[in-house]
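[1] have a look; sequence and predicted model below, questions after that.
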Amino acid sequence: MSLVTTRAWPAAGAAALLLTASAALPSTAAGAARAPLAVFNCAGSISVDVYPVTGAVNGKSGSDFRCATPDQSFPATLTISGSVTGSSDLFFTTRTTDSLKRTDTGQVTKFSIDRRFDRDNSGTSGNATERGSSSQANDSGTGLFGPGPVGATNFVIYKNYMLDVHT
């Protein structure tokens, strides 16, 4: 049994995390390069138009949208495009392919995500919640819904909106 002094705990913890992270990575053939895992944590607001008749979905992030990696923070724009996969009086489910663009470098990351937009009533406006997940990303937040462009319901998700991208 080896003892670690309390002064060494941070270093021991960091070493354990590195070992755990490297053990969890998939193995590659000898000499093969491994693509780095992109991880972005983003916050801000999104505005999404859902067209129940045509099945189209499109949206974008607000001007307050920012993302971060473990070592930097940067402004970004999110573009949402996809289709409605299900609906009722109180919700829409969607599948979208999104583009996350760093506005400082122009780097674009694409990912797919399944989202659910819930309404608190079947009227023309009210409160809304949104949550989404896939193997590439997950997000959630709350806000409002109301009339959008002709034939669309607009969801503005601005309270506690968080997007985690892990492609």
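    Ah, there it is. Keep in mind it's a predicted model, so treat the numbers as computed, not measured.
[2] so where's the chain shaky on pLDDT?
    For the chain, the stretches flagged by pLDDT under 70 are 1-38.
[3] just the helices in it please.
    9-24 (DSSP state H).
[4] same for the top strand by length along the chain, what does it pack against?
    Of all the elements of type strand in the chain, the one with the most residues (DSSP state E) is strand 72-87. Secondary-structure packing of strand 72-87 (3 or more C-beta pairs under 8 Å, 6 or more residues apart in numbering; DSSP states H and E): strand 39-50, strand 56-61, strand 66-69, strand 91-102. C-betas here are computed from N, CA, C, even on glycine.
[5] ok, and what's touching it?
    40, 42, 46, 48, 50-52, 55-61, 65-68, 92-105, 114, 163 (C-beta atoms under 8 Å, 6 or more residues apart in numbering).
[6] again, but for stretch 118-132
    46, 48, 89-91, 113-117, 138-147, 153, 155-157, 161.
[7] quick one on the thing from earlier: direction included, what does the longest strand of the chain pair up with?
    Strand pairing for strand 72-87, determined by DSSP bridges: strand 56-61 (antiparallel), strand 66-69 (antiparallel), strand 91-102 (antiparallel).
[8] now do the second one: distance to the chain's middle.
    Going by C-alpha atoms, centre = their mean, to the nearest Å, the spacing between the C-alpha centre of strand 66-69 and its chain's C-alpha centre is 11 Å.
[9] then the longest one?
    In this view, strand 91-102 has its centroid 8 Å away from the chain centroid, taken as C-alpha atoms, centre = their mean.
[10] likewise for stretch 138-146?
    12 Å.
[11] need the CA coordinates for it. PDB is fine.
    The C-alpha coordinates for stretch 138-146 follow below in PDB (Å, rounded to 0.1, in the frame of the first residue of the first chain):
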ATOM      1  CA  ASN A 138     -26.700  17.100 -26.600                       C
ATOM      2  CA  ASP A 139     -28.500  20.300 -25.700                       C
ATOM      3  CA  SER A 140     -31.300  21.700 -23.700                       C
ATOM      4  CA  GLY A 141     -32.900  25.000 -22.600                       C
ATOM      5  CA  THR A 142     -36.200  26.800 -22.100                       C
ATOM      6  CA  GLY A 143     -37.900  29.800 -23.600                       C
ATOM      7  CA  LEU A 144     -40.900  30.800 -25.600                       C
ATOM      8  CA  PHE A 145     -42.900  29.700 -28.700                       C
ATOM      9  CA  GLY A 146     -45.100  31.700 -31.000                       C
END
